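Asker: Sequence first, predicted model second:
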Amino acid sequence: MRSHLRLTQIAILFALFALTPLRWTCAESDDATTARTANVREIIEHLASEDFAGRRGVDARRAAEYLAAEFEKLDLKPVFDNESYLQPVPGPPGEQNESTIAGWNVTGRYTHPEARFPEEYVIIAAHHDHLGRTASDIYFGADDNASGVAMVLEAARLITSSDNVINRSILFVSFDLEEHLLFGSRWWTAHAPVTLEQVKFIIVADMLGRSLGDLPLETVFLFGAEHGAGVRESIRKIDFGPAAKPTLLSDDFVGLRSDYGPFRDREIPFLFASTGQSRDYHTPQDTADKIDFKQVAEITTGLTELLVDVANRSEPPRWILDPPVEMGEVKAIEEICEQIRRKAEAWNLTPVQRFFVDQASTHARKILRQKEITPADQAWLTRTTQLLLFSVF
């Protein structure tokens, strides 16, 4: 009787286990984290080397070919004509009115053989181009944006090496010509390899492993989650790691800053991930030796887990048109202003710049005291934060 009872209990437990969806996670040992850190370091140092000369024009084409070769090694499937990973982005007519190519987007697809919704897609993306070189300098672009590309490649390695079922197809994308008014991502969305109605969510990463103004923040800013129903809640379940505390902020606070723009314009739920604009932004001093590779590895782990979480939902995120600002966003602005105050003298901030910092900080504290955010407060925060970004950084 006892033996029969134990067998019955085991059978029930097994059935419950089989019916319970497993939470996909890429949490691994310290050795695996160390290996991931080494992987992203190798990619960033490679793309931000003298050999790629700032990844503009023909050198951006070489970067695209490198990424296509890496996608092939990972057994991602090509999505463009002639079984290619590369999508040409047309340029202006040549001297003889001939067609030209200005850049090359790169895309590979992963579909698990047991996916429930293989014709629906989530995307993880970055841009590989930068500013090139002058007669005397190379704009290496380690932070902007070899770091984001390293995240995409390492996320692809994580996902393709896992046995876990992922219920939607994933597109791994690297855009060209982000530095030219987002022309690569604009072309991709206008000539997408899948219909955009099939795209349910996109993560875009740009500038990882430094920090906003080189402030000691140890934070990854995540913009735009408020537009996707349930995305904020998914983020809060994920441990990004000690060096990459996720801070949710409205995308209105930064305006149009990267390749998520063409997707946002089409009301496709998105997330923009960045550790912020460093003091070396768009200078030859944006070099690989200044990147926190472990932070990039931690962000990669967190974003991969988020992407899979969204991919495995029974219903994808729906678009939220006018989401409210949360109190945590106000607190984040207040903390950033306090950090800037401490750097005011070292940064030689002008009286006007200090005025913007003080105004933002004062109003943020006022909102925190009143414990509610009015529409007027939200509009004021948006304007002030944008002015901070353009005037201080």
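Answerer: Cool, the structure landed.

Asker: Just give the nearest non-adjacent residue to Ser84, would you?
Answerer: Leaving aside its sequence neighbours, Ser84 sits nearest to Pro78 (C-beta to C-beta, 6 or more residues apart in numbering; 5.3 Å). Heads up, the C-betas are built off the backbone N, CA and C, glycines and all.

Asker: for the one you found, phi and psi?
Answerer: Pro78 adopts backbone torsions of phi -70, psi 150, taken as degrees, to the nearest 10.

Asker: Just give the number of residues close to it.
Answerer: The burial count assigned to Pro78 is 18, neighbours taken as other C-beta atoms under 10 Å.

Asker: and what of the one 10 residues further on?
Answerer: Using other C-beta under 10 Å, Pro88 is surrounded by 20 other residues.

Asker: Spatially nearest residue to it, not counting backbone neighbours?
Answerer: Nearest one to Pro88, counting by C-beta to C-beta, 6+ apart, is Ile101 at 4.6 Å.

Asker: Send over stretch 35-49 as CSV, restricted to the C-alpha atoms.
Answerer: What follows is stretch 35-49, C-alpha atoms only, in CSV (Å, rounded to 0.1, in the frame of the first residue of the first chain):
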residue,chain,number,x,y,z
ALA,A,35,34.1,33.2,-20.0
ARG,A,36,31.3,35.5,-21.1
THR,A,37,33.3,38.5,-20.0
ALA,A,38,36.3,37.2,-22.0
ASN,A,39,34.0,36.7,-25.1
VAL,A,40,32.6,40.3,-25.1
ARG,A,41,36.1,41.7,-24.5
GLU,A,42,37.4,39.8,-27.5
ILE,A,43,34.6,41.1,-29.7
ILE,A,44,34.9,44.7,-28.5
GLU,A,45,38.7,44.8,-28.8
HIS,A,46,38.4,43.3,-32.3
LEU,A,47,35.8,45.8,-33.6
ALA,A,48,37.4,48.8,-31.9
SER,A,49,40.9,48.0,-33.2
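
Asker: Show me the chain divided up by domain.
Answerer: 22-311, 327-392 (automatic domain parsing).

Asker: would JSON lines of those domains with distance to Leu321 and mean pLDDT be doable?
Answerer: Output for those, formatted as JSON lines (distance: least, C-beta to C-beta, whole Å; pLDDT from 0 to 100):
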{"stretch": "domain 22-311", "distance to Leu321": "8", "mean pLDDT": "95"}
{"stretch": "domain 327-392", "distance to Leu321": "14", "mean pLDDT": "89"}
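
Asker: Go through those domains and pick out the most buried.
Answerer: domain 22-311 (a mean of 20; mean count of other C-beta atoms under 10 Å).

Asker: Next secondary structure after the host helix or strand of Ser147?
Answerer: Ser147 is part of helix 147-160, with elements assigned from DSSP states H and E. The first helix or strand that comes after helix 147-160 along the chain, using DSSP H and E, is strand 168-175.

Asker: Give the other helices and strands that that following strand contacts.
Answerer: Packing partners of strand 168-175 (3 or more C-beta pairs under 8 Å, 6 or more residues apart in numbering; DSSP states H and E): helix 58-73, strand 101-110, strand 117-127, helix 147-160, helix 183-190, helix 293-311.

Asker: In a markdown table: those, plus distance to Thr287.
Answerer: Compiled in a markdown table, the helices and strands packed on strand 168-175 are given as follows (distance: least, C-beta to C-beta, whole Å):
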| stretch | distance to Thr287 |
| --- | --- |
| helix 58-73 | 16 |
| strand 101-110 | 24 |
| strand 117-127 | 18 |
| helix 147-160 | 12 |
| helix 183-190 | 24 |
| helix 293-311 | 13 |
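
Asker: tell me which residues form a beta bridge with the residue nearest the centre of the chain?
Answerer: Note on the chain: the residue nearest the mean C-alpha position is Ala205, at 2.3 Å, using C-alpha atoms, centre = their mean. For Ala205, the beta-bridge partners are Ala273 (DSSP bridges).

Asker: what's the distance between it and Phe355?
Answerer: Here Ala205 is placed at a distance of 33 Å from Phe355 (C-beta to C-beta, to the nearest Å).

Asker: How about Asp214?
Answerer: Asp214 is 22 Å from Phe355, by C-beta to C-beta.

Asker: Out of the domains of the chain, the one nearest Ile320 is which?
Answerer: Among the domains of the chain, domain 22-311 comes nearest to Ile320, with 5.2 Å by C-beta to C-beta.

Asker: any idea how far the closest one is from the chain center?
Answerer: Chain-centre distance of domain 22-311: 6 Å, with C-alpha atoms, centre = their mean, to the nearest Å.

Asker: got the contact list for Arg116?
Answerer: For Arg116, the contact set (C-beta atoms under 8 Å, 6 or more residues apart in numbering) comprises 167-168.

Asker: Same check on the one 4 residues further on?
Answerer: By C-beta under 8 Å, 6+ apart, the contact set of Glu120 is 168-169, 198, 200, 316.

Asker: Need the nearest residue in space to it, chain neighbours excluded.
Answerer: Among residues not flanking Glu120 along the chain, Arg168 sits closest, at 4.7 Å (C-beta to C-beta, 6+ apart).

Asker: now do His127
Answerer: Leaving aside its chain neighbours, His127 sits nearest to Glu178 (3.5 Å; criterion: C-beta to C-beta, 6+ apart).

Asker: Verify the contact between the one you found and Ala125 for me.
Answerer: No: using C-beta atoms under 8 Å, Glu178 is not in contact with Ala125, being 10.1 Å away.

Asker: Give me the pLDDT for His4.
Answerer: pLDDT, His4: 40.

Asker: measure Lys290 to Ala48 for me?
Answerer: Taking C-beta to C-beta as the measure, Lys290 falls 10 Å from Ala48.

Asker: Any chance you could list residues touching both of these two?
Answerer: With C-beta under 8 Å, 6+ apart as the test, Lys290 and Ala48 both reach Ala142.
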